[in-house]
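> predicted model and sequence follow; I will ask about them next.
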Amino acid sequence: MRKAIALLTATTVGFAVVGAPTLGLAVTKQTNYEAKKVQCQREAKAKHFGIHFIQRDRWIIKCITR
């Protein structure tokens, strides 16, 4: 019984350690995307698209991909 509990604990800790860097990388990509999106939204506001909100949204998407 002790061996089974030890094995279960070891595998659980192993999966937690292996999965941690992947989560950190996803968070980094998300924060980079959000920062770029905010920057592009500010640039779009400075361009004064007026009532052309669809054109503005397309411009923001293109800006983010650059």
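Sure thing, it's come through.
> how close does Gln39 sit to Ala46?
According to CB to CB, to the nearest Å, Gln39 stands 11 Å off from Ala46. C-beta: built from backbone N, CA, C; applies to glycine.
> ok, those two, which is more surrounded?
Gln39 (13 against 8; other CB atoms under 10 Å).
> for the more buried one, give me its contacts.
Cys63 (CB atoms under 8 Å, 6 or more residues apart in numbering).
> and the next element down the chain from the helix or strand hosting it?
Element membership for Gln39, per DSSP states H and E: helix 2-47. Per DSSP H and E, the first helix or strand lying C-terminal to helix 2-47 is helix 53-65.
> could you dump that following helix to PDB, C-alpha only?
Provided in PDB are the C-alpha atoms of helix 53-65 (Å, rounded to 0.1, in the frame of the first residue of the first chain):
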ATOM      1  CA  PHE A  53     -15.400  51.200 -37.000                       C
ATOM      2  CA  ILE A  54     -15.100  48.100 -39.200                       C
ATOM      3  CA  GLN A  55     -12.100  49.600 -41.000                       C
ATOM      4  CA  ARG A  56     -10.700  50.500 -37.600                       C
ATOM      5  CA  ASP A  57     -11.100  46.900 -36.300                       C
ATOM      6  CA  ARG A  58      -9.400  45.500 -39.400                       C
ATOM      7  CA  TRP A  59      -6.500  48.000 -39.000                       C
ATOM      8  CA  ILE A  60      -6.100  46.900 -35.400                       C
ATOM      9  CA  ILE A  61      -6.000  43.200 -36.300                       C
ATOM     10  CA  LYS A  62      -3.400  43.900 -39.000                       C
ATOM     11  CA  CYS A  63      -1.400  46.000 -36.600                       C
ATOM     12  CA  ILE A  64      -1.300  43.200 -34.000                       C
ATOM     13  CA  THR A  65      -0.100  40.700 -36.600                       C
END
